[in-house]
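[1] Below is the sequence, then the predicted model.
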Amino acid sequence: MSRRHALGLAIAALVVTAGGMANATCSGTLYLTFDTGNMRHAELIAETLAKHKARATFFVANEKTLRGDYALDPAWAPYWHARVAEGHAFGSHTWRHGSFRQDQGKLTRYRLMDGTTENLDGEAICAELRHSDYRFKELTGRPLDPLWRAPGGRTTPLTLKAAQACGYRHVGWAPAGFLGDELPSETYPNALLVERALKNLKDGDIVMAHLGIWSRKDPFAPALDELLGKLEARGFCFATLATR
């Protein structure tokens, strides 16, 4: 073996890529994830991730956006296509962003955003996950990764079994990874949320936030830049769940 070849192997052994980033010098890895929400800060979050060269995992549902359309409408194709080009990962957040409430025999009660409920069997549960997958591929040319996240994190034994049978692994988040962008800003200001995340996040944690939240008065998204910078200063790197 030549000296040059040996040196190349040594360097390759030291450099491990995760989500497109070299992390040989990382003291820990965090998995940033974003659910669609109302998409109000989708562009700002994308710009912040690019600034920090951070890859994330987006969980997509056809949710109503602040613009009055829906997150998986054709008008959003350029946004999603750009995120694909940047090397992020993507999972299903269901199609209608309903809440899986309770198993009743072979059916699961599914509460929709308008308050109505449906009873879904395993095939219908798969259809909820796959619809977002099909639409995302129509918009971007790329299918979703075999991942899903239930809205609100609410699952049941039947939904988990059905999703696994049709090829989707459920992903929640770490307790410390809940950034709190859904909490009222009057009692949970951004400075507190950043401080809490810096104090509690540890290697391997899955971090969860949204591309836009209806209820929060002072949105958290502008504080993401500060948070990522301070996490990087502590030695953390960021990877997608497709690499986990």
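    Noted; the coordinates are in hand.
[2] Quick check: Trp76 touching Leu139?
    Yes. Taking contact to mean C-beta atoms under 8 Å, the distance of 7.1 Å between Trp76 and Leu139 places them in contact. C-beta: built from backbone N, CA, C; applies to glycine.
[3] Quickly find the element holding the residue nearest in space to the middle of the chain.
    Nearest to the geometric centre of the chain sits Thr33, at 2.8 Å (C-alpha atoms, centre = their mean). Counting by DSSP states H and E, the element that carries Thr33 is strand 28-35.
[4] May I see the buried residues of the helix or strand that that strand is followed by?
    Downstream of strand 28-35, the next assigned helix or strand under DSSP H and E is helix 42-51. Across helix 42-51, burial judged by 16 or more other C-beta atoms under 10 Å covers Ala42, Leu44, Ile45, Ala46, Thr48, Leu49.
[5] Kindly report the same for stretch 153-165.
    Applying 16+ other C-beta under 10 Å to stretch 153-165 flags Thr155, Thr156, Leu158, Thr159, Leu160, Ala162, Ala163 as buried.
[6] what's the answer for stretch 105-118, then?
    Quick answer for stretch 105-118 (16+ other C-beta under 10 Å): Leu107, Thr108, Arg109, Tyr110, Arg111.
[7] Starting from Asp114, give me the distance back to Gln104.
    Using C-beta to C-beta, to the nearest Å, Gln104 is found at 21 Å from Asp114.
[8] hmm, back to that, which one of the buried residues of stretch 153-165 sits closest to Val207?
    When the buried residues of stretch 153-165 are ranked by distance to Val207 (C-beta to C-beta), Thr155 comes first, at 19.3 Å.
[9] got a list of contacts for the strand holding Thr33?
    Residues from elsewhere that reach strand 28-35, judged by C-beta atoms under 8 Å, 6 or more residues apart in numbering: 18, 23, 45, 49, 54-59, 61, 93, 149, 151, 171, 173, 177, 201-211, 231, 235-241, 244.
[10] In ChimeraX, how would I select the buried members of those?
    In ChimeraX syntax, the buried subset of those is picked out as below (16+ other C-beta under 10 Å):
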select :18,23,45,49,54,55,56,57,58,59,61,93,149,151,171,173,177,201,205,206,207,208,209,210,211,231,236,237,238,239,240,241,244
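[11] Out of the contacts of strand 28-35, which sit inside strands?
    Judged by DSSP state E, strands contain the following of those: Ala18, Thr57, Phe58, Phe59, Ile206, Val207, Met208, Ala209, His210, Phe236, Cys237, Phe238.
[12] any low-confidence regions in this protein?
    Applying pLDDT under 70 to the chain flags residues 1-24.
[13] at 90 what do you get?
    1-27, 215, 243-244 (pLDDT under 90).
[14] so where's the longest helix in it?
    When the chain is parsed with DSSP state H, its longest helix is helix 122-140.
[15] quick one: contacts of that helix?
    Helix 122-140 has contacts (C-beta under 8 Å, 6+ apart) with 60-62, 72, 74, 76-77, 80-81, 84, 90, 92-96, 98, 100, 106, 108, 110, 118, 120, 142-144, 148, 158-159, 161-163, 165-166, 168.
[16] end-to-end on stretch 234-244?
    Across its full length, stretch 234-244 reaches 21 Å end to end, with C-alpha to C-alpha, to the nearest Å as the criterion.
[17] no wait, stretch 92-112
    For stretch 92-112, the first-to-last residue distance is 16 Å (C-alpha to C-alpha).
[18] Likewise for stretch 116-129?
    19 Å.
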